[in-house]
Each structure stands twice: as C-alpha cells, then as structure tokens.
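Chemist: sequence isn't available, so here's the structure alone:
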C-alpha cells in the first residue's frame with residue numbers, strides 16, 4: 001500500500017498480517033510492517049527503507065492506495 005501525506009510525501013509499505021490500523025478511542029494510525037523507499041511520483045523502488053516497519057499518523061494522510069503485490073511476489077510491490 002502507499003499513502004500520500006498532505007505535504008506531498010509518498011510513504012509505501014507492505015500491509016500484511018503484522019500490520020495494523022488503530023481505531024477509536026486511540027489516536028488514528030497506520031503501521032505497515034515493511035517500509036519501501038518511494039520516488040517523488042509515488043513509484044515504489046526496490047529498496048526496503050524500513051525493514052522493521054513504518055508508522056503513519058492518519059491525520060497526515062490525504063490518499064490511501066491499495067496495490068496488489070509485495071513480498072509474496074518476490075518483493076516487487078508493484079506485483080510485476
């Protein structure tokens with residue numbers, strides 16, 4: 001999955017069994033268990049930039065994009 005923040009930053013990662021999204025009454029957040037480096041246009045690179053995961057506060061998110069593929073397809077988040 002990838003998310004775009006209000007300041008235009010793309011954050012990408014693998015949303016698998018160890019990932020989570022918090023819910024009320026906790027502060028809203030999204031934890032992606034593996035974080036990928038992203039280009040400025042939102043394209044995944046082949047570099048894992050956060051092997052232990054990445055946490056995003058939901059108030060920063062303006063777009064969520066679910067994309068097929070990821071570690072089960074040989075590590076290619078675009079699924080190619």
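Modeler: Great, that's in hand. None of these values were measured; they are calculated from a predicted model.
Chemist: how about the contacts made by residue 34?
Modeler: By C-beta atoms under 8 Å, 6 or more residues apart in numbering, the contact set of residue 34 is 13-14, 16, 48, 50-51, 53, 71. Where C-beta positions appear, they are placed from N, C-alpha and C, glycine not excepted.
Chemist: just list whatever residues bridge to it.
Modeler: Beta bridges link residue 34 to residue 14 when assigned by DSSP bridges.
Chemist: for it, give its distance to residue 64.
Modeler: Distance of residue 34 to residue 64, computed by C-beta to C-beta, to the nearest Å: 17 Å.
Chemist: what do you get for residue 4?
Modeler: 8 Å.
Chemist: please apply the same query to residue 44.
Modeler: Residue 44 is 15 Å from residue 64, by C-beta to C-beta.
Chemist: please apply the same query to residue 55.
Modeler: The spacing between residue 55 and residue 64, counted by C-beta to C-beta, is 15 Å.
Chemist: kindly list the longest strand within this structure.
Modeler: Longest strand in the chain by number of residues (criterion: DSSP state E): strand 44-50.
Chemist: next helix or strand past it?
Modeler: Using DSSP states H and E, the helix or strand that follows strand 44-50 in sequence is strand 54-57.
Chemist: neighbouring strands of that following strand in the sheet, and parallel or not?
Modeler: Counting by DSSP bridges, the strands paired with strand 54-57 are strand 29-32 (antiparallel).
Chemist: name the residues that touch the strand it pairs with?
Modeler: With C-beta under 8 Å, 6+ apart as the test, strand 29-32 has contacts from 1, 3, 11-15, 19-22, 53-58, 61.
Chemist: and what of stretch 2-15?
Modeler: Stretch 2-15 has contacts (C-beta under 8 Å, 6+ apart) with 1, 19, 30, 32-42, 44, 50, 53-54, 56, 60-67, 70-71, 77.
Chemist: go ahead and confirm residue 65 touches residue 1.
Modeler: Yes. Under the criterion of C-beta atoms under 8 Å, residue 65 makes contact with residue 1 at 6.5 Å.
Chemist: more neighbours: which of the two?
Modeler: residue 1 (17 against 11; other C-beta atoms under 10 Å).
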